[in-house]
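> structure of the sequence below:
(2 chains)
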Number of protein chains: 2
Amino acid sequence: MERFEVNILGCGSALPTTKHFLSSQVINLRDKLYMIDCGEGTQLQFRTMKLNFQKLGHIFISHLHGDHCFGLPGLVSTLGLLGRKSDLHIYAHADAEKLYAPLFRYFCKELPYKICFHTFNPEKSELIFEDKNLRVTTIPLKHRVPTAGFLFEEKPRSPHIIREMIDFYRVPLSQIRAIKEGASFVTGEGETIPNTRFTRPAEPPRKYAYCSDTAYYEKVIPIVAGVDVLYHEATFSNADLLRAKETFHSSAAQAASIAKTANAGRLVIGHFSARYPDEQILLREASEIFPHTQLAYEKMILKV
Amino acid sequence: MERFEVNILGCGSALPTTKHFLSSQVINLRDKLYMIDCGEGTQLQFRTMKLNFQKLGHIFISHLHGDHCFGLPGLVSTLGLLGRKSDLHIYAHADAEKLYAPLFRYFCKELPYKICFHTFNPEKSELIFEDKNLRVTTIPLKHRVPTAGFLFEEKPRSPHIIREMIDFYRVPLSQIRAIKEGASFVTGEGETIPNTRFTRPAEPPRKYAYCSDTAYYEKVIPIVAGVDVLYHEATFSNADLLRAKETFHSSAAQAASIAKTANAGRLVIGHFSARYPDEQILLREASEIFPHTQLAYEKMILKV
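Residues are numbered from 1 along each chain as shown, chains lettered A, B, ... in the order given. Okay, here's the model as predicted:
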């Protein structure tokens, strides 16, 4: 099956620790890379994980808190030093351009490529990106500043060709593409063979959702319903529920409750507060509600 | 002897690698911390090296290239989250405030402490900081943008008290401080005992110089003459001398030649280009000219 992986570069919260880097993930879909968030140190982790800078084209920033975007200037500058030519697209709240464009102009004067800022309104769910493989939709979240998560949906894939039937009917190579796209086939004898004889349906398109940072927010559920993998922040444990409420973050149990109601395939929790030396407590609290839960960790590669 | 150490947080050049972090050092003089440069990831290394955020009061930025200052917003934000109350002083080119103040205002709205920017003119050597232990003077360097290195000079220390003589003359404890400051002592019998009988001179004040980034620049020599330790950039090897010239950087041999002429005690080279998988070549080239040379490395603690 074609590659659809999530690389966890950092899954700590605002205060970095010796264990966790700041928020950043890189989606690898069919060998193109898409970044979500870019905390300080992201370019270092990108390199450590041996990801290819040339394959990164799009960066999605969930919100303008430093632990989700302070890595941008360093990454932008490094891409320039590596001789990048193609445009780099940054999707973020409108303030991002106001804040970062002056910095890029000052520090990255001779940038050999163009940076294109795209703004979105984090208050409604909208399609903000589309290419031939992928659709990215925002997920409005509830945090101290305007924040959106992101739903990454693979586009429907071509059906599988049944090789034996192609051979049996001696279909010329030139017609395979049409058959993949649904055409039937007419034999030399004029007989029409229906497309279904040559193909098996493709696997259903895979979906990944990223929800960080957010308080417990049920409006997320219909948007992430049925995703294969849900990444949801779980900054706090049940014992610190009050603190979660004050800071507009979620507990592990709340993340699990979203995953359960949304009927997610799996839940990965992250954005851990530095106060928990042992995150097993978060895993236990979530797993009681939604058993298919994993803790995120740096350099984790999640297959969707 | 009182502590005077240099902690190397990062000694790579513009492109971070899996081996090197970006430029930053922390001087520990008598348990107060002073930072030089603050590349991306500095706060992570600061924590990894178990340095104490509360003891950091002053940050000196050599020049406004990203690999020397992109770590500032993250560090400033973390100090706020840790509840810092006392002022933080940043010494840098005047543009630093213009570039960073808007970012601090936006991202660190509820900062519980004050940031004081101090500007200096990198074109002349001047005293930019002084406290009871330390004097920091700029070292004009020759780079693509206005750049200064820093000379850290310990202030003369109090002489050592000779315990046996204090006991012999039964000097009361209340007078020890005056004797440390040079007073003589009058005995009960009215005899004046000269100060020199009670004290041995302190060790001469120690000096550390930081020179990065810079082309080979002889005007540095009189300013760093006789330092105990000279940190000098050595971005390139002899084979890449042309590249060094173009980019206003130094070769290892040029760094060594400065150390030799300035009669430095030791030379530590750093700011290595990512092109050398084995930096021994840089060490060899420098050591041929100035044998007391070491390679900098991350987490190195240099005793001055």
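> going forward, measure contacts and count neighbours with C-alpha atoms only.
Will do.
> quick one: residues contacting the closest residue to chain B within chain A.
Closest residue of chain A to chain B, Cα to the nearest Cα: A:Gly41 (5.3 Å). By Cα atoms under 8 Å, 6 or more residues apart in numbering or on different chains, the contact list for A:Gly41 reads A:Phe21, A:Leu22, A:Gly71, B:Glu40, B:Gly41.
> in chain A, where is pLDDT below threshold?
For chain A, applying pLDDT under 70 flags no range at all.
> residue ranges of the helices in it, please?
Remark: helices assigned in chain A by DSSP state H are A:42-48, A:66-69, A:72-81, A:95-107, A:163-168, A:176-180, A:220-224, A:241-247, A:252-261, A:280-289.
> for these, could you give me a markdown table that also reports mean neighbour count?
Below are the helices of chain A laid out as a markdown table (neighbours: other Cα atoms under 10 Å in any protein chain shown):
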| stretch | mean neighbour count |
| --- | --- |
| helix A:42-48 | 22 |
| helix A:66-69 | 26 |
| helix A:72-81 | 21 |
| helix A:95-107 | 16 |
| helix A:163-168 | 12 |
| helix A:176-180 | 16 |
| helix A:220-224 | 19 |
| helix A:241-247 | 15 |
| helix A:252-261 | 25 |
| helix A:280-289 | 19 |
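> for those helices, which one sits closest to B:Ile162?
helix A:42-48 (53.2 Å; Cα to Cα).
> now that closest one, how far from the chain's geometric center?
17 Å (Cα atoms, centre = their mean, to the nearest Å).
> what does chain A put close to chain B?
By the rule Cα under 8 Å from any Cα of the partner chain, the part of chain A lying against chain B is A:14-18, A:40-41, A:44, A:47-48, A:64-67, A:70-71, A:73-74, A:77-78, A:81, A:99, A:102-103, A:107.
> may I ask which of the contacts of A:Gly41 has the most neighbours?
B:Glu40 (34 neighbours; other Cα atoms under 10 Å in any protein chain shown).
> next up, the contacts around the residue nearest to that one when sequence neighbours are not counted.
Distances taken as Cα to Cα, 6 or more residues apart in numbering or on different chains place B:Gly71 nearest to B:Glu40, at 3.9 Å, with adjacent residues excluded. B:Gly71 sits next to A:Glu40, B:Cys38, B:Gly39, B:Glu40, B:Gly41, B:Thr42, B:Gln43 when contact means Cα under 8 Å, 6+ apart.
> could you export the contacts of A:Gly41 as CSV, including distance to A:Ala244?
As requested, those are arranged in CSV below (distance: Cα to Cα, whole Å):
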residue, distance to A:Ala244
A:Phe21, 21
A:Leu22, 19
A:Gly71, 25
B:Glu40, 29
B:Gly41, 27
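> ok, those residues vs B:Asp167, which is closest?
Of the contacts of A:Gly41, the one sitting nearest to B:Asp167 (Cα to Cα) turns out to be B:Gly41, at 53.0 Å.
> dihedrals phi and psi, the closest one?
When read as degrees, to the nearest 10, the backbone of B:Gly41 gives phi 90, psi 0.
> same check, this time on A:Gly71
Here A:Gly71 shows phi and psi, under degrees, to the nearest 10, equal to phi -90, psi -10.
> how far away is the nearest residue to A:Tyr169 once chain neighbours are set aside from A:Phe168?
Among residues not flanking A:Tyr169 along the chain, A:Thr187 sits closest, at 7.1 Å (Cα to Cα, 6+ apart). To A:Phe168, A:Thr187 is 11 Å away according to Cα to Cα, to the nearest Å.
> equivalent analysis for A:Asp278, please.
To A:Phe168, A:Asp278 is 60 Å away according to Cα to Cα.
> same thing with A:Glu218?
For A:Glu218 relative to A:Phe168 (Cα to Cα), the value is 53 Å.
> which parts of the stretch 51-200 of chain A are strands?
A:56-60, A:88-92, A:115-119, A:127-130, A:134-140, A:148-154, A:160-161, A:185-186, A:192-193, A:199-200 (DSSP state E, counting those that start in this stretch).
> just the ones you listed: most buried one?
strand A:148-154 (a mean of 24; mean count of other Cα atoms under 10 Å in any protein chain shown).
> show me the contact partners of that strand.
Residues contacting strand A:148-154 (Cα under 8 Å, 6+ apart): A:62-63, A:122-123, A:133-141, A:205-213, A:223-224.
> what angle do that strand and strand A:88-92 make?
Angle between the axes of strand A:148-154 and strand A:88-92 is 130 degrees (criterion: axes from the mean of the first three to the mean of the last three Cα atoms, to 10 degrees).
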